[in-house]
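Enquirer: Could you work out the structure for the sequence below:
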Amino acid sequence: AASNKGIIFKVQVGAFKEQVPIDMANKLLANSNRGIKTFKDENGLLLYTIGEFLEYESANTLKTELINEGLSGAFIIAFKDGKKMSAADALNLIRNK
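Expert: Got it, this is the predicted structure:
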């Protein structure tokens, strides 16, 4: 792939203030082999993400699979130098080389 300016795409599958609901926890556990990461965002929410991709297309494929498996809220987020941004912003950065 061409230089993507250090941007990584991940699929966000949940954001929780407190405990993860049991049904959601079970769905996350079912995907633990895919590598689940958590981090706190600026609002104190605990975000759960699956996968790390350099290409948007690969993240999008995973997102579709996860939605089909019942993680209906899955969507793509991006990180640049550890800072979270929307997938749209990241794609704009990559396209405007």
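
Enquirer: shaky segments in this structure?
Expert: 1-3, 97 (pLDDT under 70).

Enquirer: redo that, cut-off 50
Expert: Per-residue confidence for the chain (pLDDT under 50) gives these ranges: 1.

Enquirer: On the strand side of things, show who the residue nearest the centre of it bridges to.
Expert: Central residue of the chain (Cα atoms, centre = their mean): residue 11, 2.3 Å from the mean position. Beta-bridge pairing for residue 11 (DSSP bridges): residue 50, residue 76.

Enquirer: In contact with it, which residues?
Expert: By Cβ atoms under 8 Å, 6 or more residues apart in numbering, the contact set of residue 11 is 49-51, 59, 62-63, 66, 74-77. To be clear about C-beta, it is placed using only N, CA and C from the backbone, and glycine gets the same treatment.

Enquirer: swap the cut-off to 7 Å and go again
Expert: Taking Cβ atoms under 7 Å, 6 or more residues apart in numbering as the criterion, residue 11 is in contact with 49-51, 59, 62-63, 66, 74, 76.

Enquirer: Then residue 12?
Expert: Taking Cβ under 7 Å, 6+ apart, one finds 47, 49, 74-75, 77 in contact with residue 12.

Enquirer: By neighbour count, which of the residues you listed wins?
Expert: Counting neighbours by other Cβ atoms under 10 Å, residue 49 leads the contacts of residue 12 with 24 neighbours.

Enquirer: how about the helix ranked longest in the chain: buried residues?
Expert: Counting by DSSP state H, the longest helix found in the chain is helix 56-68. Using 16 or more other Cβ atoms under 10 Å as the test for burial, helix 56-68 gives 56, 59-60, 62-63, 65-66.

Enquirer: Same list, these, but as a markdown table with distance to residue 81 please.
Expert: Compiled in a markdown table, these are given as follows (distance: Cβ to Cβ, whole Å):
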| residue | distance to residue 81 |
| --- | --- |
| 56 | 18 |
| 59 | 18 |
| 60 | 22 |
| 62 | 22 |
| 63 | 23 |
| 65 | 28 |
| 66 | 26 |
